[in-house]
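K.L.:
Need a 3D model of the following:
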Amino acid sequence: AIDTNTLEVKAGMARASFSNYSIPGSVSISGEKIGFRLKWLSQSGVNDHPYTDPNDLKQKRQFNAEAKLFGLQNDFIIKLTNKTELNIKNWIQKSDRNIPGFFGQTLNARNQIDEFYRNSISLKHTLNNNIKFQFKSALFREFLWYKDSLAGFDEQSQSTASFNEFDFIFSKSKIELLVRGLYHHNWAFSEGYTGNGAWVQNKIGLMTFIKYKINRSFHATLNLRKELINTINVPVVPSASLLIFINKFLRLNMNFSSVYRYPTFNELYWNPGGNINLLPETGYKGDFDLIFNKIYKRIKIESSFSAYWSRIKNMVQWQPRGLLFVVPVNLLMVQNIGSEFHLNLEYKLNKHNFLISYSNSYTRSTNIKSAFAGDNSVGKQLIYIPFYQNRLGITYMNRAGFISTQIINNSFSYITADNSSFIKGFNVLNFSAGMPISISKSLSTNINFGINNLLNVNYITKANLPMPGRNYRIQLLIEFKNKFKPKK
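P.N.:
Model prediction:
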């Protein structure tokens, strides 16, 4: 959102390890009926971080990892009347990045250039206290150029997508109703495929969402979605949920839905690696969330526990094909069982704030059925999915600034479908601090400093791809903000 009757300018500069630089900024101005905001970001980096090669235990540096990025985004908001608002957004971005090599690789010439233009417009109108309308339309254009002279790849692709949706919203007393009609058009072209290399996908859909407040303690929702994708008549996809307010501190939310997901354009036509023979994902999933919030004297407690289950037929998974690229394939039947726990504690004492945050997740994602006899992946954990992940953060804040530490813990994860090979788990410690400086009523600065992987742990998250050791980032942000009175 853009503040009313405000001029705000932000400009910053950041320097990080391995010759990384970034220049973020924004400017926004608004009156009573018109608001405008422009944001930009320029980044560049060499990313030549050192690492220990496990093949020969020698210290080496990552190479062919240079990257550049520039992005520009603007928002334009117009209140046409007290009941009608128009929002226009534009976003352009271009990146040019070399793709770094693997352990033991001495020659590498992979490069990828991405460029996109995204434009959207939305119109909101409130008819009365019960009825609202909203129309949204977006146009995306994307270009990609992938080169690898050593492997003989030099492919260009482009895509265009348009999204058009119309919402009818009705609310009264205990009932909320949303009816959405949609039309999506996708077109893609890739040099690497036979024929004319172009594909078109049209999607027409209708969605209905109903929420009914049975009483103060029970809220029920039902969602129905029907789509037609090209000539494929997608079955009705239902979902339902029940929200129970157990007391003023505790609530329970339960969800159940069927699943139908048609493969994305990238999964079908990405070059190299796309798979035009992919089948849609189908299945069922359910979950529940138990949420507890309470303020006890100086202590604020926010916690939640959730558990989920799903069984998906023909689940799409990207699998490595050698060291050069990955390919999406269908897994005949996958079962996911997991849980998540989050806890936030905040203690306030005069001008001092102490915050502790902790999260834990457990994931068991198993290939339970295969189309091939003797498939060694049946009953095994899917690749690159750790069983456990833990995050612990401790922060101290006052008017002078903040200091914060974070510990990241990941268990091991398998890198082969038969679970014969794995990458080790790791523990990483990060540190950050910041200090605001007020220069005047309208002008202020913020200095932030961070060190990632403070203990310089040697670890990986993908097979054969080195991760950086200890590295730092420092950022200076200058902010000017001025409220003004509108002319009468």
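
K.L.:
Give me the residues contacting stretch 105-121.
P.N.:
63-64, 86-101, 136-151, 323-324 (CB atoms under 8 Å, 6 or more residues apart in numbering). Any C-beta I mention is one placed from the backbone N, CA and C, and that applies to glycine too.

K.L.:
these two touch, right, Trp309 and Lys285?
P.N.:
Yes - using CB atoms under 8 Å, Trp309 makes contact with Lys285 at a distance of 6.8 Å.

K.L.:
could you pull out the strands for the stretch 1-150 of the chain?
P.N.:
All strands of the stretch 1-150 of the chain, identified by DSSP state E, counting those that start in this stretch, fall at 6-16, 20-30, 34-45, 50-52, 59-61, 67-81, 84-98, 110-126, 131-148.

K.L.:
Adding distance to Glu191, write the ones you listed out as a markdown table.
P.N.:
Listed next are the strands of the stretch 1-150 of the chain as a markdown table, based on distance: least, CB to CB, whole Å:
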| stretch | distance to Glu191 |
| --- | --- |
| strand 6-16 | 36 |
| strand 20-30 | 33 |
| strand 34-45 | 28 |
| strand 50-52 | 35 |
| strand 59-61 | 34 |
| strand 67-81 | 24 |
| strand 84-98 | 19 |
| strand 110-126 | 14 |
| strand 131-148 | 10 |
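
K.L.:
ok, Val451 - contacts?
P.N.:
Just to correct that, residue 451 is Ile rather than Val. Applying CB under 8 Å, 6+ apart, the residues near Ile451 are Asn430, Phe431, Ser432, Arg470, Asn471, Tyr472.

K.L.:
Check those residues and tell me the two furthest apart.
P.N.:
Farthest pair in the contacts of Ile451 (CB to CB) is Ser432 and Arg470. Separation: 13.8 Å.

K.L.:
quick one: low-confidence ranges for the stretch 151-300 of the chain?
P.N.:
192-197, 271-272 (pLDDT under 70).

K.L.:
mind listing the helices for it?
P.N.:
Using DSSP state H, counting those that start in this stretch, the helices found in the stretch 151-300 of the chain span residues 265-269.

K.L.:
Surely Leu343 is in contact with Tyr358?
P.N.:
Yes - applying CB under 8 Å, one finds Leu343 in contact with Tyr358, separated by 4.8 Å.

K.L.:
before we move on, back to that, and the contacts of stretch 105-121, which are buried?
P.N.:
Buried members of the contacts of stretch 105-121, counted by 16 or more other CB atoms under 10 Å: 63-64, 89, 91, 93, 96-101, 136, 138, 140-142, 144-148.

K.L.:
Which residue ranges of the stretch 251-400 of the chain form strands?
P.N.:
Using DSSP E, counting those that start in this stretch, strands in the stretch 251-400 of the chain cover 281-296, 299-321, 325-349, 352-369, 380-381, 388-398.

K.L.:
Could you dump the ones you listed into CSV with distance to Arg180 and mean neighbour count added?
P.N.:
Formatted as CSV, the strands of the stretch 251-400 of the chain follow (distance: least, CB to CB, whole Å; neighbours: other CB atoms under 10 Å):
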stretch, distance to Arg180, mean neighbour count
strand 281-296, 21, 15
strand 299-321, 24, 17
strand 325-349, 28, 16
strand 352-369, 31, 16
strand 380-381, 37, 19
strand 388-398, 35, 15
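
K.L.:
Throw the ones you listed into JSON lines and include distance to Leu178, thanks.
P.N.:
Formatted as JSON lines, these follow (distance: least, CB to CB, whole Å):
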{"stretch": "strand 281-296", "distance to Leu178": "21"}
{"stretch": "strand 299-321", "distance to Leu178": "24"}
{"stretch": "strand 325-349", "distance to Leu178": "27"}
{"stretch": "strand 352-369", "distance to Leu178": "31"}
{"stretch": "strand 380-381", "distance to Leu178": "38"}
{"stretch": "strand 388-398", "distance to Leu178": "34"}
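
K.L.:
Which of those strands sits closest to Asn129?
P.N.:
That would be, of those and by CB to CB, strand 281-296, which comes in at 29.8 Å.

K.L.:
Just the residues contacting that closest one, thanks.
P.N.:
Residues contacting strand 281-296 (CB under 8 Å, 6+ apart): 249-261, 300-316, 336.

K.L.:
CA-only coordinates of it in PDB, if you can.
P.N.:
Taking C-alpha atoms only, strand 281-296 is exported to PDB below (Å, rounded to 0.1, in the frame of the first residue of the first chain):
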ATOM      1  CA  GLU A 281      -1.200 -34.900 -11.200                       C
ATOM      2  CA  THR A 282      -4.300 -36.200  -9.500                       C
ATOM      3  CA  GLY A 283      -5.000 -37.300  -5.900                       C
ATOM      4  CA  TYR A 284      -6.200 -36.100  -2.400                       C
ATOM      5  CA  LYS A 285      -4.700 -34.100   0.400                       C
ATOM      6  CA  GLY A 286      -5.700 -33.000   3.900                       C
ATOM      7  CA  ASP A 287      -4.200 -31.000   6.800                       C
ATOM      8  CA  PHE A 288      -5.000 -29.500  10.100                       C
ATOM      9  CA  ASP A 289      -3.600 -26.500  12.000                       C
ATOM     10  CA  LEU A 290      -3.800 -25.800  15.700                       C
ATOM     11  CA  ILE A 291      -3.000 -22.200  16.500                       C
ATOM     12  CA  PHE A 292      -2.400 -20.600  19.900                       C
ATOM     13  CA  ASN A 293      -2.000 -16.900  20.600                       C
ATOM     14  CA  LYS A 294      -1.900 -15.300  24.000                       C
ATOM     15  CA  ILE A 295      -0.400 -12.300  25.700                       C
ATOM     16  CA  TYR A 296       0.600 -12.900  29.300                       C
END
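
K.L.:
Tell me which strands it pairs with, and in which orientation.
P.N.:
Strand 281-296 pairs in its sheet with strand 250-261 (antiparallel), strand 299-321 (antiparallel), by DSSP bridges.

K.L.:
For these, give me CSV that also has distance to Leu206.
P.N.:
Formatted as CSV, those follow (distance: least, CB to CB, whole Å):
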stretch, distance to Leu206
strand 250-261, 14
strand 299-321, 24
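
K.L.:
In space, what's closest to Gly355 - neighbours in sequence excluded?
P.N.:
One thing to correct before we go on: residue 355 is Leu, not Gly. Once flanking residues are discounted, Leu355 sits nearest to Thr395: 4.3 Å by CB to CB, 6 or more residues apart in numbering.

K.L.:
returning to what we had before: export the contacts of Ile451 to CSV and tack on secondary structure, pLDDT and neighbour count?
P.N.:
Shown next, in CSV, are the contacts of Ile451 (DSSP: H, G, I helix; E, B strand; the rest coil; pLDDT from 0 to 100; neighbours: other CB atoms under 10 Å):
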residue, secondary structure, pLDDT, neighbour count
Asn430, strand, 98, 16
Phe431, strand, 97, 15
Ser432, strand, 97, 17
Arg470, coil, 95, 15
Asn471, strand, 96, 16
Tyr472, strand, 96, 14
